[in-house]
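Asker: Give the three-dimensional model of this entry:
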Amino acid sequence: MRKKLVGFDPKMKKWRDDIFGFGFGAGAEARVAAGIPSPRGRVPKTAPAVPAEYFGRSLRALWARGWKYGYAIGTPDSRDGKKRIRKRELTWKRDLNKRGPLRVKSAYLVGRWRTARGEYAKVWNLAGNGALTGRVTKSTSVIADAKGTWKVEDDCLVFDYKDDFYGGEMGAPYEVRSVIMAVTRNQLVVATGETARVRYSRTSRHS
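Answerer: Okay, here's the model as predicted:
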């Protein structure tokens, strides 16, 4: 079964790691409401009913997992913390509305794309047949290789890793969905979170 624990969910219009965070906060608040102010360190086997706003098996399971870990080890968000979260959500919605629909076609992204930050670099090869290969390096050392498939869907760049590139069960497929914020012939900007942006440049095979 393909795992969908991170990335953007187009139906909910939310980031999956945020959904885990919402469940985590709810679990921490539930423990305190039950008269247990300090984290217990033990993860409960069950979670309460998932709020109706989260639909689909994977999202409901993600919220429930967050709730159980929040109940075990979490600390409820402060009032100021909740204000910051709300401000971040509003900023994200504004950025998305400002971008508007792009309707990017997959053929436009075929090629080799590179991004770097400090000593770290990522290179993705997006083939016209939907095949994906990639490599992450630190200076001259290879940290990880990746392979799988890719596509453009709902103005999102979707990577399906065959080898569970981001960790977890070995061999389990893993989907990562990033929102395309801007694209030109030689530049690509994607959002990997409400406040995270990654800028790629098109490169040659030998660069």
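
Asker: how deep is Asp160 tucked in, by neighbour count?
Answerer: Per other C-beta atoms under 10 Å, the neighbour tally for Asp160 reads 17. C-beta: built from backbone N, CA, C; applies to glycine.

Asker: I'd assumed Arg177 was in contact with it.
Answerer: No - using C-beta atoms under 8 Å, Asp160 is not in contact with Arg177; the gap is 9.7 Å.

Asker: for this protein, which helix is longest?
Answerer: helix 79-99 (DSSP state H).

Asker: ranges for the strands of this structure?
Answerer: 8-9, 14-15, 111-117, 120-126, 131-138, 141-153, 156-161, 174-183, 187-191, 197-203 (DSSP state E).

Asker: got a markdown table for these, with mean pLDDT and distance to Gly66 too?
Answerer: Converted to a markdown table, the strands of the chain look like this (pLDDT from 0 to 100; distance: least, C-beta to C-beta, whole Å):
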| stretch | mean pLDDT | distance to Gly66 |
| --- | --- | --- |
| strand 8-9 | 87 | 14 |
| strand 14-15 | 86 | 13 |
| strand 111-117 | 95 | 28 |
| strand 120-126 | 94 | 28 |
| strand 131-138 | 91 | 27 |
| strand 141-153 | 90 | 25 |
| strand 156-161 | 91 | 22 |
| strand 174-183 | 91 | 18 |
| strand 187-191 | 96 | 21 |
| strand 197-203 | 95 | 25 |
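
Asker: Pick out the residue closest to the middle of the chain.
Answerer: The residue lying closest to the centre of the chain (C-alpha atoms, centre = their mean) is Gly7, at 2.3 Å.

Asker: Ala52 versus that one, what's the distance?
Answerer: From Gly7 across to Ala52, the span is 23 Å (C-beta to C-beta, to the nearest Å).

Asker: re the thing from before, tell me the helices and strands packed up against the longest helix of the chain.
Answerer: In terms of contacts (3 or more C-beta pairs under 8 Å, 6 or more residues apart in numbering; DSSP states H and E), helix 79-99 is packed against strand 174-183.

Asker: Pull the distance from the strand it packs on to the chain's centre.
Answerer: Using C-alpha atoms, centre = their mean, to the nearest Å, the distance from the centre of strand 174-183 to the centre of the chain it belongs to is 9 Å.
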